[in-house]
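I would like to see how this sequence folds:
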Amino acid sequence: MPKFVQLVTFESTGGKFDERKDTNRINEFLEVLQTNGAIIISVTPSLGGQAAKTSAVYVITYEAPSPISL
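Numbering: from 1, shown residues only. Now for the predicted structure:
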């Protein structure tokens, strides 16, 4: 089965992320993917940004017959 990638990004202007809110949103994305037949392979986080804004990017790798739009 082909592999695909979905990027999910959260931004923080105060320097702090809301881990509960972000966790719930990531789980919502995963649920949509799985409901549509995806098999989740990995979820890889990374951080980046500039002085006033920080971004967390989650790379979700999954297998499915075709890409799934979120």
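
per-residue confidence for Gln50?
Confidence at Gln50, expressed as pLDDT, is 77.

actually Gly15, not the one I typed
As summarised for this prediction, Gly15 has a pLDDT of 67.

center of this protein, which residue is that?
When the chain is reduced to its mean C-alpha position, the closest residue under CA atoms, centre = their mean turns out to be Val8, at 3.4 Å.

wait, doesn't that one sit right on Ser46?
No - contact status for Val8 versus Ser46: not in contact, 11.3 Å apart, counting by CB atoms under 8 Å. Backbone N, C-alpha and C define where each C-beta goes, glycine included.

find the residues that touch each one of these two.
In terms of CB atoms under 8 Å, 6 or more residues apart in numbering, Val8 and Ser46 are both contacted by the residues Val57.

SS state for the residue lying closest to the residue nearest to the centre of the chain once chain neighbours are set aside?
In space, and not counting its chain neighbours, Val8 is closest to Tyr58: 4.4 Å by CB to CB, 6 or more residues apart in numbering. Following DSSP: H, G, I helix; E, B strand; the rest coil, the label given to Tyr58 is strand.

check the gap between Ser40 and Ser69 for me.
Wrong residue type there; residue 40 is Ile, not Ser. As defined by CB to CB, to the nearest Å, Ile40 lies at a distance of 16 Å from Ser69.
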